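**Student:** next input, structure requested:
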Amino acid sequence: METGASLQQAVRVLRDNPMSDSLLLSGGRVLTDRGVEQADVLVRAGRIDAVGTGLDAENVIDCTGCWVGPGFVDLHTHLREPGQVHKEDMGSGAAAAAAGGYTAILAMPNTIPAIDTAARAEAAMQRSRDISTVTIGTAGAVTAGRAGRTLADLGGMLAAGVRWFTDDGDSIRTAGLLSAAVEALGESGAVISEHAEDASLTAGGVMHHGEVAALLGLAGMPAMAESLIIVRDLIVARETGAALHIQHVSTEAAVELIAGAKQEGLAVTAEATPHHLTFDHTELKNRDPRFKMKPPLRTQADVTAVQAGLADGVIDAVATDHAPHTKRETVEAGLEAGAFGVIGLETAAAAVNTALGLRLEAFFDRMSVAPARLGGFDLHGRLVTGGGPANLVVFDPALEWVPTEFRSRSANSPFIGRPMRGRVRATIHEGAVTYQLGGS
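**Tutor:** Numbering: from 1, shown residues only. The predicted structure is shown next:
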């Protein structure tokens, strides 16, 4: 198994020898600026040199039966650096991202300490530049220490280049703080990304408030905890014109609220996670802590609504909410005491393909194009075009497999042992192969 360090070394060797880095992605179905084509993609010196037939290169990846398109982009990744690198760090997270087909990810600010000042944002950005296998963006906290009392250094972080702000892990505590944050961000084009959870309704909760929680005798987290925060935030967005992004949508009611807001013309976008697209709360009947997350797994009706919302574009993008925790913090701790959250970078594409079976164009829109646009990753999420940046993924939609191990430092995945359909065969970041299935 490759490590993040060995991958980075391989990438640097290729870039130091530009004449040896020609690569041909041969015979795939390619999402080009002219539509879907059966074509070869020639990559040279970090760019797409040509898209067509009869091309040749020193290195060839057979893409027969595969989809070739823009590398995936994740708007919601927890890298745990600084402060909890025993769970994950930028290097191991980058290796996991590459294995999952990602060429760009956005790191959440709920680190220890939180990314809530210009200096901390700049330090995170500098560290991310050490990683050559994936582009890592930095999000900033909305409130100081994510404590929900006073605003963080929004102006300083804006000046440092941050354009995505969230107290992820918690909602922005009050409408007053949200309004003040909107005012502080002004006309910058920055986005406020909301973890929609009314904590007064979820305190002490372990899973969805419903019949399974009642059967297990566990405190639940009601669906309306999500809806109440979304309603509050939509009112603020309506009054202020703020750009608002709703994280990890989990309920039918939330999908309906977001659909209504979009019809009204509000600047609202949303994401759904692979686990909320796949599982419902009945998975917890055996008290398996790998299915414990926030928001919790909901009912099958909610799952169906979230799937439909993603398919029809009410929900703009897939985001993993990749949340690494150690075995001690999850499986060994048990359901009630265990940590909330699951990893997702390495299984996201397969999970979406298995659950929804989207057509190629919609698949890449939700996994690549839309999240790149929303997150401001200008060199990612682009249709495959001669002269464009070579940030690409080769995805086999028919390949069946069962996840058993991960490049992430943690293995808290609900997909372990689950048959999946579709797998990443190769990832290309800035012209270099950062992952290839079966590679050493």
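
**Student:** where do the strands sit along the stretch 251-400 of the chain?
**Tutor:** In the stretch 251-400 of the chain, the strands defined using DSSP state E, counting those that start in this stretch lie at 268-272, 317-318, 392-401.

**Student:** contacts only, for the residue of the chain most remote from its centre.
**Tutor:** Within the chain, the residue lying farthest from the chain centre (Cα atoms, centre = their mean) is residue 54, at 35.8 Å. Going by Cβ atoms under 8 Å, 6 or more residues apart in numbering, residue 54 touches residue 40. Heads up, the C-betas are built off the backbone N, CA and C, glycines and all.

**Student:** ditto for residue 99
**Tutor:** With contacts defined as Cβ under 8 Å, 6+ apart, the neighbours of residue 99 are 345-346, 406-407, 424, 427, 435.

**Student:** narrow the residues you listed to those in strands?
**Tutor:** 424, 427, 435 (DSSP state E).

**Student:** any chance of a markdown table for those, columns distance to residue 256, neighbour count and pLDDT?
**Tutor:** As requested, the ones in strands among the contacts of residue 99 are arranged in a markdown table below (distance: Cβ to Cβ, whole Å; neighbours: other Cβ atoms under 10 Å; pLDDT from 0 to 100):
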| residue | distance to residue 256 | neighbour count | pLDDT |
| --- | --- | --- | --- |
| 424 | 33 | 26 | 98 |
| 427 | 36 | 27 | 98 |
| 435 | 38 | 27 | 98 |
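
**Student:** I'd like the distance from stretch 113-127 to the chain centre, please.
**Tutor:** 20 Å (Cα atoms, centre = their mean, to the nearest Å).

**Student:** returning to what we had before: out of the ones in strands among the contacts of residue 99, who's nearest residue 336?
**Tutor:** Lowest distance from residue 336 to those (Cβ to Cβ) belongs to residue 424, with 35.1 Å.

**Student:** is that closest one bridged to anything, and to what?
**Tutor:** Beta bridges link residue 424 to residue 395, judged by DSSP bridges.

**Student:** any weak-confidence spans in this structure?
**Tutor:** 1-20, 440 (pLDDT under 70).

**Student:** so how far is residue 34 from the residue farthest from the centre of the chain?
**Tutor:** Going from residue 54 to residue 34 by Cβ to Cβ, to the nearest Å gives 17 Å.

**Student:** then residue 65?
**Tutor:** For residue 65 relative to residue 34 (Cβ to Cβ), the value is 21 Å.

**Student:** now swap in residue 413 and tell me
**Tutor:** 38 Å.

**Student:** the more surrounded of these two?
**Tutor:** Counting neighbours by other Cβ atoms under 10 Å for residue 413 and for residue 34 shows that residue 413 has the greater number, 24 against 12.

**Student:** okay, and the closest residue to residue 407 other than its chain neighbours sits in which element?
**Tutor:** For residue 407, ignoring the flanking residues on the chain, the nearest one in space by Cβ to Cβ, 6 or more residues apart in numbering is residue 95 at 4.2 Å. Assignment of secondary structure by DSSP states H and E places residue 95 within helix 90-99.

**Student:** cheers, nothing more for now.
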